[in-house]
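**Q** Just a sequence and a predicted model for now, questions to come.
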Amino acid sequence: MGIANIVISLFVLLFAITIHEAAHAWTANRFGDPTAAALGRATLNPAAHIDPIGTILLPLLLVLIRAPVFGWAKPVPVNPRNLRDPRRDNVWISAAGPLANLSVAFLSFLVLLLLKLVRPGVVDFLRRFLIDRDSLPRGVFPLEGLAIVLFYAVLINTYLVVFNLIPVPPLDGSGVLLGILPYEAALKYDRLRPYGFIIVLLLISVGVLDIIIRPIQLLLFAFIFG
């Protein structure tokens, strides 16, 4: 991965996780819990969400070992006692982050398709950038540069949606599942919480990130370059 790919990937990742966490905080506030909003977390300022390990060290490490770029921000605090219906409301709060990323991915994809229609050359430029940058023409190409950012926005935001919906604590999928399971089953499922982070690390170590991102890449390549 070239330096340009690295910089763009990390920039888009920071933007994606900022939107993700701000959506959690904003939704919690709408459902009656102002805890995160009062701490300044319902903002699109990345500085409010940066976690030294998940936002900086891990993404850089993944880039160095040529693995899919991934990371997380500081978790958004939620006080269930402030919620009107904690089980139901937590489903929406948990789903808000992935839904925000999905919205960004969809809008980025639409703009990318629009660019492809109005300026077909951006597709060839994007392909060269991703596969053979040595063949790129010299000069400044703002629309082509926008296409590159949009491509990574679709890829990384979709990737975060799929990964975060894995139903393992502390990922968002576990919060959604807890809210829709019958009460007794939810209590049993919640016993996984102390081991959740270990399970997530094991999933990463056995290559689940690659398994998730490969079909997303193939679909994106098929739609854009097909």
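**A** Received, thanks.
**Q** Let me see the contact set for E144.
**A** 121-122, 125-126, 129 (Cβ atoms under 8 Å, 6 or more residues apart in numbering). Glycine gets a C-beta too; all of them are placed from N, C-alpha and C.
**Q** Also P167?
**A** Here P167 is in contact with 173-174, 176-177 (criterion: Cβ under 8 Å, 6+ apart).
**Q** And it, how far from F225?
**A** As judged by Cβ to Cβ, to the nearest Å, P167 and F225 stand 33 Å apart.
**Q** ok so, going back, now tabulate the contacts of P167 in CSV and tack on pLDDT, secondary structure and distance to I8.
**A** Output for the contacts of P167, formatted as CSV (pLDDT from 0 to 100; DSSP: H, G, I helix; E, B strand; the rest coil; distance: Cβ to Cβ, whole Å):
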residue, pLDDT, secondary structure, distance to I8
G173, 94, helix, 28
S174, 94, helix, 31
V176, 94, helix, 31
L177, 94, helix, 34
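**Q** Report the two of those residues separated the most.
**A** Spatial extent of the contacts of P167 (Cβ to Cβ) is set by the pair S174 and V176 at 7.4 Å.
**Q** shared neighbours of these two, anything?
**A** With Cβ under 8 Å, 6+ apart, S174 and V176 have common neighbours 94, 167.
**Q** In contact with L181: list those residues for me.
**A** Counting by Cβ under 8 Å, 6+ apart, L181 has contacts Y189.
**Q** got a pLDDT number for it?
**A** On the pLDDT scale, L181 is placed at 92.
**Q** With V78 instead?
**A** Reported pLDDT for V78: 94.
**Q** how about it, secondary structure?
**A** V78 falls in the coil class when you classify it by DSSP: H, G, I helix; E, B strand; the rest coil.
**Q** Please tell me I have it right and it contacts T35.
**A** Yes - using Cβ atoms under 8 Å, V78 is in contact with T35, at 6.5 Å.
**Q** Common neighbours of the two, please.
**A** By Cβ under 8 Å, 6+ apart, the residues touching both V78 and T35 are A28.
**Q** Neighbour count for those two, which is higher?
**A** Neighbours per residue (other Cβ atoms under 10 Å) separate V78 from T35, with V78 holding more: 22 against 16.
**Q** which one is that one nearest to, not counting chain neighbours?
**A** In this structure, V78 finds its nearest non-sequential neighbour in A28, 5.1 Å apart by Cβ to Cβ, 6 or more residues apart in numbering.
**Q** wait, what's in contact with that neighbour?
**A** Under the criterion of Cβ under 8 Å, 6+ apart, the neighbours of A28 are 34-37, 76, 78, 83, 93.
**Q** can you do 10 Å?
**A** 34-37, 41-42, 76-80, 82-83, 89-90, 92-94, 96 (Cβ atoms under 10 Å, 6 or more residues apart in numbering).
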